[in-house]
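A.B. asks: model this:
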Amino acid sequence: MNEINSEKTKEEPLPKDILAAAWAIALGAIAPMLDSTMVNIAIDTLIYEFNTTLDIIQWSITGYVLALAMAVPVSGWLMNKYNGKKIYIGSIISFGVISIFIGISWNVSLFILFRLVQGFSAGIITTLMMTLLVKTAGQNKIGRVMAIVSTPMILGPIFGPVVGGFIVQSASWQWIFYINIFIVIVAVPLMIKYIPNFEPFDKESKLDFFGIIVLALMNVVLIVSITEAAEYASFNNKSTILWMCSGFILAITYLVHNRVRKNQTVLPINLFKHRTFLAASSGLFLANIAIMGPMLILPLFFINIHYMSPIQASLALIPQGIGMLITRPLIGKIIDRIGAKFVVIVSLVISLIGSVPFIFITEETSITWISTILFIRGSGVGGIMLPLMSDAYTGLEDKQLPQAGVGINMIENVGSSFGTAIIATVVSTVMQGLGPTITNELRGYQAGFLISVVVLLLIFIPNLFLTHKRNA
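C.D. replies: Numbers count the residues shown, from 1 in each chain. Reported below is the predicted structural model:
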């Protein structure tokens with residue numbers, strides 16, 4: 001009987017209503033995904049327009065990330081109490097409206113304030129996106145549907161910097177935000193039509209106000225501590241240590257609070273007793289370090305070693321995104337057919353083939369060869385993140401989905417921030433220790449890529465505990 005059911009899963013096409021809902025959900029997430037990458041290209045323009053400094057304007061990016069982190073635990077409670085469809089659409093409309101206010105900001109203080117509000121909306125959107133998708137797809141189709149809805153996560157890093165560069169050069173920085181309005185106008189009617197209504201996941205649950213505050217503050221404090229480490233190019237400084245200690249104190253506080261409330265909290269600790277959830281979340285933390293960390297130094301490598309402009313560097317990264325896009329639909333089908341374990345193993349091997357050469361890269365390495373390696377790397381890393389995200393929700397009850405969404409988003413946020421910080425710290429430390437020459441700068445980048453390779457190897461450990469559908 002299991003074999004028959006497995007064959008049905010393998011051959012059965014996705015129902016049109018599920019496919020339409022998945023695309024509608026994905027379309028709604030495009031605006032925050034694009035926005036978070038486009039802004040980086042406009043930093044110099046914003047400094048000039050607002051007559052300010054890099055340290056101040058950087059808060060429009062850091063503050064956005066911190067506000068997003070604070071929204072994650074709140075979104076879990078919103079899904080429990082209210083119709084998920086309405087919350088999702090409302091957050092996207094809010095994101096579009098705030099984009100107008102950002103565009104008309106007449107001083108840097110207002111600009112940063114509105115970016116904070118926008119980041120909070122983005123935090124709710126990204127958390128709800130994955131949870132609503134799991135509820136829509138069901139366990140047997142989650143891999144294929146995840147492959148569709150997570151497409152904006154790839155499109156943002158691929159096209160965001162390129163689109164942002166062209167907008168800044170041909171129009172004005174305001175249009176980086178005004179473009180969100182057109183996306184929202186197109187997306188909202190489609191979401192209203194195709195996304196089904198979602199009953200509250202656990203309407204009887206009480207607001208864990210203390211837990212939300214502690215969890216949000218812990219998330220923010222840890223990200224700030226990691227940001228400080230990257231700024232000082234070292235984890236051994238007073239500011240970083242102080243923030244880290246504060247984060248651990250908040251974590252202990254939350255553990256005590258969770259024990260007192262017997263897991264009736266916004267993120268129950270007993271969720272991690274599910275072997276698959278623990279393995280997948282551990283893998284996602286490592287994957288975000290290994291995959292998102294190098295995204296910081298790859299553009300810098302192209303700019304500083306190959307003397308490219310920011311737009312040229314963005315274009316040079318496209319082969320990696322194309323590799324991710326091409327393999328994504330196939331990976332989704334294979335996950336539903338055989339589970340996550342062997343998909344991750346094969347993807348890790350491919351990712352290593354596309355990552356190890358960067359340890360030995362030089363200024364004389366041809367762009368053609370680099371593009372080929374990036375394409376291979378992209379083909380592999382897509383097969384790491386997608387099955388890990390899919391497996392994190394496997395075997396959970398409906399009322400646990402919002403809690404799982406909160407946990408996964410927090411782990412990914414901290415993981416990507418930690419990856420960026422640790423690789424930036426390693427690169428800076430190596431460069432400073434060897435002296436300011438092109439050769440030594442190159443060695444710094446090579447050291448950063450080495451860290452990525454080591455962390456990719458570590459993912460093999462949690463992968464041992466992921467699902468494998470033996471009867472497939």
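A.B. asks: okay but L132 is in contact with G84, surely?
C.D. replies: Yes - under the criterion of C-beta atoms under 8 Å, L132 makes contact with G84 at 5.2 Å. (Glycine included, C-beta is placed from N, CA and C.)
A.B. asks: Can you work out which residues contact both of those two?
C.D. replies: F198 (C-beta atoms under 8 Å, 6 or more residues apart in numbering).
A.B. asks: Burial check on I213, number of neighbours?
C.D. replies: 16 (other C-beta atoms under 10 Å).
A.B. asks: Quick check: it vs Y254, distance?
C.D. replies: Distance from I213 to Y254, counting by C-beta to C-beta, to the nearest Å: 10 Å.
A.B. asks: and what of N197?
C.D. replies: 33 Å.
A.B. asks: so how far is stretch 445-453 from its chain's centroid?
C.D. replies: 20 Å (C-alpha atoms, centre = their mean, to the nearest Å).
A.B. asks: now that stretch: mean pLDDT?
C.D. replies: For stretch 445-453, mean pLDDT rounds to 89.
A.B. asks: Equivalent analysis for stretch 432-442, please.
C.D. replies: pLDDT averaged over stretch 432-442 gives 70.
A.B. asks: With stretch 178-188 instead?
C.D. replies: Here the average pLDDT along stretch 178-188 is 87.
A.B. asks: ditto for stretch 330-349
C.D. replies: 82.
A.B. asks: again, but for stretch 241-261
C.D. replies: 87.
A.B. asks: what does stretch 64-75 give?
C.D. replies: Stretch 64-75 comes out at a mean pLDDT of 76.
A.B. asks: Skipping its backbone neighbours, what lies nearest A316 in space?
C.D. replies: Leaving aside its sequence neighbours, A316 sits nearest to F302 (C-beta to C-beta, 6 or more residues apart in numbering; 5.1 Å).
A.B. asks: Tell me, how many residues neighbour that neighbour?
C.D. replies: For F302, using other C-beta under 10 Å, the count is 21.
A.B. asks: so who does it touch?
C.D. replies: 308, 312-313, 316-317.
A.B. asks: Which strand or helix spans it?
C.D. replies: Using DSSP states H and E, F302 maps to helix 294-304.
A.B. asks: and the next element down the chain from that helix?
C.D. replies: helix 310-316.
A.B. asks: quick revisit: return the set of buried residues in the helix holding F302.
C.D. replies: Buried positions in helix 294-304, judged by neighbour count with 16 or more other C-beta atoms under 10 Å: 294-302, 304.
A.B. asks: Can I get these in JSON lines including pLDDT?
C.D. replies: Formatted as JSON lines, those follow (pLDDT from 0 to 100):
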{"residue": "P294", "pLDDT": "81"}
{"residue": "M295", "pLDDT": "76"}
{"residue": "L296", "pLDDT": "72"}
{"residue": "I297", "pLDDT": "78"}
{"residue": "L298", "pLDDT": "81"}
{"residue": "P299", "pLDDT": "77"}
{"residue": "L300", "pLDDT": "76"}
{"residue": "F301", "pLDDT": "82"}
{"residue": "F302", "pLDDT": "82"}
{"residue": "N304", "pLDDT": "79"}
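A.B. asks: could you give the angle of the helix or strand encompassing L442 to helix 294-304?
C.D. replies: Secondary structure from DSSP H and E places L442 in helix 438-458. If you take axes from the mean of the first three to the mean of the last three C-alpha atoms, to 10 degrees, helix 438-458 sits at 160 degrees to helix 294-304.
A.B. asks: what packs against helix 438-458?
C.D. replies: helix 275-292, helix 294-304, helix 341-353, helix 401-434 (3 or more C-beta pairs under 8 Å, 6 or more residues apart in numbering; DSSP states H and E).
A.B. asks: And the contacts of the first one?
C.D. replies: This points to helix 275-292. With C-beta under 8 Å, 6+ apart as the criterion, helix 275-292 contacts 271-272, 340, 344, 351, 381, 384-385, 388-389, 391-396, 404, 407-408, 411-412, 414-416, 418-420, 422, 452-453, 455-456, 458-459, 462-467.
A.B. asks: Many thanks, have a good one.
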